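S.K.: show me how the following folds:
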Amino acid sequence: MTKNLIIVFFIIGATNAVFTCPKKDGQYEDPVQCDKYYDCEDGIATEKLCPDGLVFDPLNRKINKCDQPFNVDCGDRTELQPPQPNKKCPRKNGFFPHPDNSICDVFYNCIDGESVEITCTTGLHFDEYSGICVWPDSANRQGCGAVNKTLKDGFECPKEQQIDDRGQVVDHPKYAHPEDCQKFYVCLNGDTPREQGCSDGTVYNEDQQRCDVPENVPGCEDWYKTDEKKA
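M.R.: Numbers count the residues shown, from 1 in each chain. Next comes the predicted model:
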């Protein structure tokens with residue numbers, strides 16, 4: 001009988017355990033759950049939860065310290081509240097990859113359960129660990145669609161390696177488009193082509209390996225002037 005009473009009192013004590021506030025008022029993280037925190041005022045702790053999908057960052061100086069998981073180091077605080085999925089959102093808030101593992105360039109920005117579909121720039125894949133679009137070799141996504149080594153216009157990456165001014169092999173060499181001054185190609189790891197484009201008003205400078213003003217690129221000086229005449 002005495003043993004049973006001890007167990008009951010232990011369970012009650014654990015259930016009613018209260019977070020002890022530090023002397024200074026503020027918001028403090030829960031020791032085990034990353035999306036739970038305590039708002040301490042005059043020594044009294046009020047338990048709170050971040051919106052589903054966000055986690056608490058004690059180092060954040062903003063009033064709202066809940067942020068995307070890829071911006072926060074939760075450490076040993078590995079527990080989370082139960083998810084509240086809705087449509088294409090595994091949780092109500094956050095950035096999530098397309099549910100089809102073969103589609104790596106599309107992701108969803110979920111805000112309070114409402115999703116917005118976003119497509120990465122041509123050639124990039126969504127990286128759920130950083131929340132942004134990156135080169136495929138950086139995203140390291142598994143099951144993505146087959147890599148096309150020939151673009152629609154017939155461009156294939158040259159077999160010869162591109163060497164920089166220091167005599168080093170260029171990992172992702174670039175090549176000018178033969179007909180469009182604003183476009184250029186990037187060969188990922190030297191063999192997977194992706195078409196890219198300079199912003200309006202600039203053209204690709206193959207000598208400098210970057211976008212530049214038209215007057216600095218022989219043959220492209222009048223590129224935009226020609227477009228104005230056509231308009």
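
S.K.: for Ala110, give its distance to Cys133.
M.R.: Ala isn't right for residue 110; it's Cys. 17 Å (CB to CB, to the nearest Å). Where you see a C-beta, it was placed from the backbone N, CA and C, and this is true even at glycine.

S.K.: so for the two, which sits in the more crowded spot?
M.R.: Counted by other CB atoms under 10 Å, Cys110 and Cys133 do not tie: Cys110 has more neighbours, with 23 against 19.

S.K.: the nearest residue to that one once chain neighbours are set aside pairs with what?
M.R.: Ranked by CB to CB, 6 or more residues apart in numbering and with sequence neighbours excluded, the top spatial neighbour of Cys110 is Cys89, at 3.7 Å. Here Cys89 sits in beta bridges with Asn86, going by DSSP bridges.

S.K.: Cys187 pairs with what?
M.R.: With DSSP bridges as the rule, Cys187 is bridged to Pro193.

S.K.: can you check Ile132 too?
M.R.: Ile132 has these beta-bridge partners by DSSP bridges: Asp127.

S.K.: for Gly123, see how far away it is.
M.R.: When Ile132 is compared with Gly123 (using CB to CB), they lie 14 Å apart.

S.K.: go on, Lys62?
M.R.: For Lys62, the distance to Gly123 - CB to CB - is 34 Å.

S.K.: when the two are compared, which one has more neighbours?
M.R.: Ranked by neighbour count (other CB under 10 Å), Lys62 and Gly123 place Gly123 first, with 18 against 8.

S.K.: for that one, helix, strand, or coil?
M.R.: Following DSSP: H, G, I helix; E, B strand; the rest coil, the label given to Gly123 is coil.

S.K.: that one against Asn189, yeah?
M.R.: No. Here Gly123 does not reach Asn189: they are 11.9 Å apart, not a contact under CB atoms under 8 Å.

S.K.: any weak-confidence spans in the chain?
M.R.: Scanning the chain for pLDDT under 70 picks out 1-17, 145-147, 226-231.

S.K.: which stretches in it count as helices?
M.R.: Using DSSP state H, the helices of the chain run over 2-15, 136-139, 223-230.

S.K.: which of the residues in the second one are buried?
M.R.: Put plainly, it is helix 136-139. Pro136, Ala139 (16 or more other CB atoms under 10 Å).

S.K.: any idea how far it is from the chain center?
M.R.: 12 Å (CA atoms, centre = their mean, to the nearest Å).

S.K.: what packs against that helix?
M.R.: Helices and strands touching helix 136-139, as assessed by 3 or more CB pairs under 8 Å, 6 or more residues apart in numbering; DSSP states H and E, comprise strand 125-127.

S.K.: got the contact list for the strand it packs on?
M.R.: 95, 97-98, 104-107, 120, 132-136, 138-139, 141, 144 (CB atoms under 8 Å, 6 or more residues apart in numbering).

S.K.: how much space separates Gln196 from Gln209?
M.R.: From Gln196 over to Gln209 (counting by CB to CB), the distance is 12 Å.

S.K.: whoops, Gly43 was the one
M.R.: According to CB to CB, Gly43 stands 61 Å off from Gln209.

S.K.: and those two? Which one has more around it.
M.R.: Gln209 (16 against 10).

S.K.: could you name every residue contacting both of Gln196 and Gln209?
M.R.: The contact sets of Gln196 and Gln209 overlap at Lys174 (CB under 8 Å, 6+ apart).

S.K.: contacting residues around the most centrally placed residue in the chain?
M.R.: For the chain, Gly131 is the residue whose C-alpha lies nearest the centre (CA atoms, centre = their mean; 1.7 Å). Applying CB under 8 Å, 6+ apart to Gly131 gives the contacts Gln68, Phe70, Asn71, Phe95.
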